[in-house]
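Q: got a sequence here, can you model it:
(2 chains)
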Amino acid sequence: MNVMHPAIAEPVLSLRGLRKEYRPGQPVLKDISLDFAPRGVTAIIGPSGTGKSTLIRCINRLVDPTAGDILLKGENLARIQGAALRMARRRIGMVFQEYNLVERLSVMENVLSGRLGYVSPWRAFLRKFPVEDVERAYDLLDAVGLGQDFANRRADKLSGGQRQRVGIARAIMQEPALLLADEPTSSLDPKTSVEIMELMAEISGTRGIPIIINIHNVDLARRYAARIIGMTGGDVVFDGPPEALERSHLAMIYGGEGWQE
Amino acid sequence: MTGPAHPRIWQRFTPQERIARSILYILTIIAVVWSLRTIDIIPEFLYDAPEQTADLFKRMWPFDWAFYPKAIHAALIETFHIATLGTILAILLALPLSFMAARNFTRNPVLRWLAQFIFVSSRSVNSLIWALIFVAIFGPGALAGVMSIAVRSIGFVGKLFGEALEEAQRGPLEALTATGAPRSMILVKGYWPQVEPAFWSIALLRWDINIRESAVLGLVGAGGIGVALDAALNNLYWDQVGLILAVIFAVVIVTEIVTSFLRSRIL
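A: Just a heads-up that it's a prediction; the model follows:
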């Protein structure tokens, strides 16, 4: 049933035999091997608890894989530690379901947090970020549709959709080679969800940043992703363009057919 | 529909629990009676206690106001200094220890245990006892007072601030980790903004407590207004004792007002 994805010549990210066991002998990820092209949106769909979130968190090592390789432009992230791992993380932006902003800080400080891997500690401590970083942060506030008036608002005063826009700006602030998004729309209403997906697809296109998105909503995945990966029980069971995703595939991914219209 | 053949019986406690509770009540009564018998109340003293109390207040009033500029004012300022310096020193010492004690920041259980051990040692000894120890080390005076306030406060500040750190939300910390920020940055931009209100609230509360505590440290020679109180008590100058007690009371009220105002501004 697996629709083969055409081979990618120069992948930005390659996973080789990626395996994660929280408890020995009970793998959550069963030797996943995937290549990701250096552009476009890839959506990972699948039921809750199927390892989507673990997969995405293994990529930037928020979760340590049990076995396998994570090759980001040739560098194996599974094998590095400490400073080298921090350097690698700077090149991977991440957007979260619960936004994960620092609530008591201003929008500007949250966006500038994306540079914390680059600026010196005393500069960040004194809030003296380099001028070009501040310039870029203002530009990004415009680009994500918030505008510069938001700079000094506290993050806890924003709505869910506005917070997610700040989260996206923070991730792009890193100038990442890859953007990960873990259920970025699951805490948002349907209209805002569409707006956020629209924004991410646009950013991916205009800035040439490849995005990997975990998402529950199959319709949104179809609408915005160029490639869909279906997971179930820790395995990849579908990998192909949205046009190739059929009812039978969805039945295999989520189980049963009764829920489908 | 018919009801059950027998009325159903409901009891909150099992028979064992009822027996245990009865035993507990009896033990409590025994303990009260026993302790009343051991405290050796002398009836003669008890009978004229009201007169003695009235007499004491009569001797205190009118206050010896001339005594305030002579001895109390300087001692009062010293008390403030002991409390404030002691609190600042305690915070400086307790901050790194509380990060060491916080489960989410420090993975090493030995370090966490060490920090907890220091907190417990600091808190298990009353500040008057610490003052006795530091008077023996540094000699009588304000330095011993500052040290005893500081050492007694480390456990309080460290324990409470450590718990505040453990309650910091994980999400923002995870997000900063994902940007490749080093741990020092995660501390400054992730933990600190989240725990800052708790920090100021704990620091002010401890300062408030320390003002009251440093007022009595002089009784064992560790400086401050307590020294004047001790001297007045020994000389039976009740009009001076009354004035000192009134001044301490006024200071406690004022610090209470100031700290609650500041705390309401922070949160």
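Q: chain B contacts on chain A?
A: With C-beta under 8 Å from any C-beta of the partner chain as the criterion, chain A meets chain B at residues A:60, A:62, A:86-94, A:96, A:98-105, A:109, A:113-117, A:121, A:124-125, A:167, A:170, A:174. (Glycine included, C-beta is placed from N, CA and C.)
Q: which ones among these map onto strands?
A: A:I92, A:G93, A:M94 (DSSP state E).
Q: gap between the spatially most central residue of chain B and chain A?
A: By C-alpha atoms, centre = their mean, chain B has its centre lying nearest to B:I209, at 5.6 Å. From B:I209 across to chain A, the span is 26 Å (C-beta to the nearest C-beta, to the nearest Å).
Q: what's around B:L24, how many residues?
A: 9 (other C-beta atoms under 10 Å in any protein chain shown).
Q: are we agreed that it is in a helix?
A: Yes - counting by DSSP: H, G, I helix; E, B strand; the rest coil, B:L24 is located in a helix.
Q: which ones are touching it?
A: Contacts for B:L24 (C-beta atoms under 8 Å, 6 or more residues apart in numbering or on different chains) come out as none.
Q: quick one: pLDDT of it?
A: Listed pLDDT for B:L24 reads 96.
Q: mind listing what's buried in the lengthiest helix in chain A?
A: Longest among the helix segments of chain A by residue count, using DSSP state H, is helix A:190-207. The neighbour-count check on helix A:190-207 (16 or more other C-beta atoms under 10 Å in any protein chain shown) flags A:T192, A:S193, A:V194, A:E195, A:I196, A:M197, A:L199, A:M200, A:A201, A:I203, A:S204 as buried.
Q: how much space separates the closest residue to B:M147 other than its chain neighbours from B:L219?
A: Of all residues not flanking B:M147 in the chain, B:F134 sits nearest, at 4.5 Å (C-beta to C-beta, 6 or more residues apart in numbering or on different chains). With the distance defined as C-beta to C-beta, to the nearest Å, B:F134 ends up 14 Å from B:L219.
Q: more crowded one of those two?
A: B:F134 (26 against 15).
Q: ok, the more buried one - contacts?
A: With the criterion set at C-beta under 8 Å, 6+ apart, B:F134 makes contact with B:L143, B:A144, B:G145, B:M147, B:S148, B:V151, B:A222.
Q: next up, the contacts around residue 129.
A: By default, I'm working from chain A. A:F129 touches A:L112, A:R115, A:V119, A:R123, A:A137, counting by C-beta under 8 Å, 6+ apart.
Q: can I assume the third one is in contact with A:P130?
A: Yes - using C-beta atoms under 8 Å as the test, A:V119 is close enough to A:P130 to be in contact (6.7 Å).
Q: so these two - more neighbours on which side?
A: A:V119 (17 against 14).
Q: just the helices in the stretch 151-261 of chain A please.
A: Ranges of helices in the stretch 151-261 of chain A, per DSSP state H, counting those that start in this stretch, are A:160-173, A:190-207, A:218-224, A:247-254.
Q: about what we covered before: tell me how far the residue nearest to B:M147 lies from chain A.
A: 35 Å.
Q: give the buried residues for the strand or helix carrying that residue.
A: Using DSSP states H and E, B:F134 maps to helix B:127-138. Residues of helix B:127-138 classed as buried by neighbour count (16+ other C-beta under 10 Å): B:S127, B:L128, B:W130, B:A131, B:L132, B:I133, B:F134, B:V135, B:F138.
Q: for the fourth one, give me its contacts.
A: For B:A131, the contacting residues are B:A144, B:G145, B:S148, B:L217, B:V220, B:G221, B:A222, by C-beta under 8 Å, 6+ apart.
Q: and the residue in the stretch 151-261 of chain A that chain B sits nearest to, how many neighbours does it have?
A: Proximity of the stretch 151-261 of chain A to chain B (C-beta to the nearest C-beta) peaks at A:Q174, 5.8 Å away. A:Q174 is flanked by 23 other residues according to other C-beta under 10 Å.
Q: tell me the pLDDT at the residue nearest to B:M147?
A: 93.
Q: kindly report the same for B:F249.
A: 91.
Q: for A:H5, same thing?
A: Note for A:H5: predicted pLDDT of 60.
Q: just name the shakiest helix or strand of the chain by mean pLDDT.
A: You didn't pick a chain, so chain A it is. Every helix and strand in chain A was compared by mean pLDDT, DSSP states H and E; the lowest is helix A:121-125, with a mean of 81.
Q: that was the other one, I meant chain B.
A: Within chain B, no helix or strand scores below helix B:67, which has a mean of 78 by mean pLDDT, DSSP H and E.
Q: quick one: name the residues of the stretch 51-200 of chain B near chain A.
A: Within the stretch 51-200 of chain B, the positions near chain A by C-beta under 8 Å from any C-beta are B:169, B:171-172, B:174-182, B:184-186, B:188-190, B:193-194, B:196-197.
Q: rerun that using 6 Å as the cut-off
A: B:G171, B:P172, B:A175, B:A178, B:T179, B:G180, B:A181, B:S184, B:M185, B:V188, B:K189, B:P193 (C-beta under 6 Å from any C-beta of the partner chain).
Q: quick check: which element contains A:A7?
A: Going by DSSP H and E, A:A7 is not part of any helix or strand.
Q: could you check how far it is from chain B?
A: Taking C-beta to the nearest C-beta, one finds A:A7 at 30 Å from chain B.
Q: what number of residues lie near that residue?
A: The burial count for A:A7: 7, using other C-beta under 10 Å.
Q: apart from its chain neighbours, what residue comes closest to it?
A: That would be A:D35: by C-beta to C-beta, 6+ apart, it lies 7.5 Å from A:A7.
Q: contacting residues around B:E78?
A: Contact analysis of B:E78 by C-beta atoms under 6 Å, 6 or more residues apart in numbering or on different chains lists B:A142, B:G223, B:G224.
Q: for A:G208, same thing?
A: Per C-beta under 6 Å, 6+ apart, neighbours of A:G208: A:R39.
Q: ok so, going back, make TSV out of the residues of the stretch 51-200 of chain B next to chain A and add neighbour count and pLDDT.
A: Converted to TSV, these look like this (neighbours: other C-beta atoms under 10 Å in any protein chain shown; pLDDT from 0 to 100):
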residue	neighbour count	pLDDT
B:G171	17	94
B:P172	27	95
B:A175	27	95
B:A178	27	95
B:T179	27	95
B:G180	25	93
B:A181	28	93
B:S184	13	88
B:M185	23	90
B:V188	18	89
B:K189	26	91
B:P193	18	93
